[in-house]
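Chemist: Kindly generate the corresponding structure for this input.
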Amino acid sequence: MAPRCMPVARDFYITSGFGYRTFDNSMHWGTDYGRNGGSGGQPIYAAQGGTVTAAGPATGFGQWINVDHPTEDGSGLTVYGHVIPEVRVGQRVAAGQRIGRINPDSNTNGGVAPHLHFEVHRAVWSPPGPNRLDPAPWLSGATYPGTAPAPQPTPGGKPVGQLQADVTMLSPNDDGQRNPANCSLAIVHTDEGDPNGKVEDLLGWLAQERAQASYTLLVGRDGRIGRSNDDNYIPWAAGSPANERGLHLCFKGRASQSREEWLAQGRQLDAGARVLRDWHDRYGIPLVKLNGAQMRAGQKGVGGHADTVDAWHSTDHTDPGPGFPWDVLLAKAAGTTTPEEGFLMALSDAEQRRIYTELTQGLPSRSKYRASDKPVDTLAGMVLNIDARIHEESTERDALNGVKAAIDLVRREAAKGDAGAQAVLAKIDGGK
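Modeler: Alright, predicted model coming up:
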């Protein structure tokens, strides 16, 4: 595989990932990177080798850089927005080569707080849609600028990688590197803070040396996953030897919560189960609950911070508490269910049929800007309806940003009397 490099230094973290954003009801077609202490003026790097195809002004970005990657360099095209280019069109760049810096001036960077907006396009530059890829999995296994490339796997080998979190803010509080394949335990914690607090807030605290603590991953009540340490770093979570032997997962919550309070947090339990399942599949940690004696005896499995206290007495913590629903969490991770899950199963067939009908019948599953779409009155139609609305929104945003093809589509629908398209067209014409 051709070498890939992170477009920013190791101390950056994801501030907004690829995908639909509920806070502004929009689709984000790239990944944003920021940094504690500010991102303005920080260097950016080519994610793959290739040729610069754009370096200069761009609507919405202030300036941008596009790098086209031939097949021998890994293929595709990458976009770097809100930056000051340090390369020219036609220039050949290598993976990890500095190509610019983040523009610190919101007057000239598209009117945003300084950050890097990074996109991956499947082949050539493409408008918003299926040919824009999620950068996070694309960058899995990429090295950081200035570090040696990871060794290539032997024939038949399998790269390890790690679970991609929704937000990453790496902590300086660790005891160095390790091989996560040697970990025998998955340890669950609670942070004992506000159970409804944001994952970002806890990550921000753990990113400070004075916190004197860190975990591997965190899960919030909203189901979002945060990364505090890479899997191959030893966190400061439960004392020795639990730190060295374990991958550590912290739930936003308190050890005093009852079983009922925990079971009310379905999205959080689902996210925690996803983490445990990843560690099971990736590192072979069994999805079985261990007590302190079993940990001390060297068995592999899942336990709580309190179990490590019973095993080695390195701390005096009691989390995640006696009400923590181990059976539900492990059943979710294993892909099985428990009687306390699946509220739809408690509804009658008629009630379920009514919900299904309301969700699937009569939805306009085509985008007015895509003539090829066909209405589909099924559950798939509901999904297509969501996709259609995203397509319409992205087309109108492109039109407002001056993309001619999008403007032509908006004019077409406005001429048909579509009020939404007419409103967008009025903004475009009014800005001239």
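
Chemist: and whatever helix or strand Ala333 lives in, what does it pack onto?
Modeler: For Ala333, the element it lies in under DSSP states H and E is helix 326-334. Under the contact criterion of 3 or more Cβ pairs under 8 Å, 6 or more residues apart in numbering; DSSP states H and E, helix 326-334 touches helix 266-283. Using the backbone N, CA and C atoms, a C-beta is placed for each residue, glycine as well.

Chemist: any idea which helix or strand comes after the helix it packs on?
Modeler: helix 292-296.

Chemist: Quick check: buried residues in that following helix?
Modeler: Within helix 292-296, the residues scored as buried using 16 or more other Cβ atoms under 10 Å are 292, 294-295.

Chemist: Next one: the spatially most central residue of the chain from Phe18, what distance?
Modeler: Centroid check for the chain by Cα atoms, centre = their mean gives Asp166 as the closest residue, at 3.0 Å. Distance of Asp166 to Phe18, given as Cβ to Cβ, to the nearest Å: 10 Å.

Chemist: Please, where are all the helices along the stretch 151-300 of the chain?
Modeler: With DSSP state H, counting those that start in this stretch as the criterion, the stretch 151-300 of the chain has helices at 199-206, 242-245, 259-263, 266-283, 292-296.

Chemist: Save those as CSV, and put in mean pLDDT and distance to Trp236 too.
Modeler: CSV is the format used below for these (pLDDT from 0 to 100; distance: least, Cβ to Cβ, whole Å):
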stretch, mean pLDDT, distance to Trp236
helix 199-206, 90, 9
helix 242-245, 96, 7
helix 259-263, 95, 25
helix 266-283, 96, 19
helix 292-296, 95, 18
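
Chemist: mind checking which of those is nearest Ser126?
Modeler: helix 266-283 (29.8 Å; Cβ to Cβ).

Chemist: Which neighbouring elements make contact with that closest one?
Modeler: Counting contacts by 3+ Cβ pairs under 8 Å, 6+ apart, helix 266-283 is packed against strand 185-190, strand 217-219, strand 225-227, strand 246-251, helix 326-334.

Chemist: repeat that with 10 Å
Modeler: Secondary-structure packing of helix 266-283 (3 or more Cβ pairs under 10 Å, 6 or more residues apart in numbering; DSSP states H and E): strand 185-190, strand 217-219, strand 225-227, strand 246-251, helix 259-263, strand 301-304, helix 326-334.

Chemist: List the buried residues in that helix.
Modeler: 268-269, 271-280, 282-283.

Chemist: Tell me the one among those residues nearest to Leu202.
Modeler: Looking across those and measuring by Cβ to Cβ, the closest to Leu202 is Gln268, at 13.2 Å.

Chemist: quick one, what contacts the residue nearest to the centre of the chain?
Modeler: Neighbouring residues of Asp166 by Cβ atoms under 10 Å, 6 or more residues apart in numbering: 14, 16-17, 19, 136, 199-200, 218-220, 222-227, 271.

Chemist: now do 8 Å
Modeler: 14, 17, 199, 224-226 (Cβ atoms under 8 Å, 6 or more residues apart in numbering).

Chemist: ditto for Trp138
Modeler: 4, 76, 120 are the contacts of Trp138 under Cβ under 8 Å, 6+ apart.

Chemist: TSV for the residues you listed, including pLDDT and distance to Gln422?
Modeler: Formatted as TSV, the contacts of Trp138 follow (pLDDT from 0 to 100; distance: Cβ to Cβ, whole Å):
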residue	pLDDT	distance to Gln422
Arg4	92	44
Gly76	95	37
Val120	96	34
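
Chemist: Closest to Val302 out of the residues you listed?
Modeler: Nearest to Val302 among the contacts of Trp138, with distances taken as Cβ to Cβ, is Arg4, at 32.8 Å.

Chemist: So for the closest one, what's the nearest residue that isn't a sequence neighbour?
Modeler: Ala142 (4.1 Å; Cβ to Cβ, 6 or more residues apart in numbering).

Chemist: Thr78 versus that neighbour, what's the distance?
Modeler: Taken as Cβ to Cβ, the span from Ala142 to Thr78 is 12 Å.
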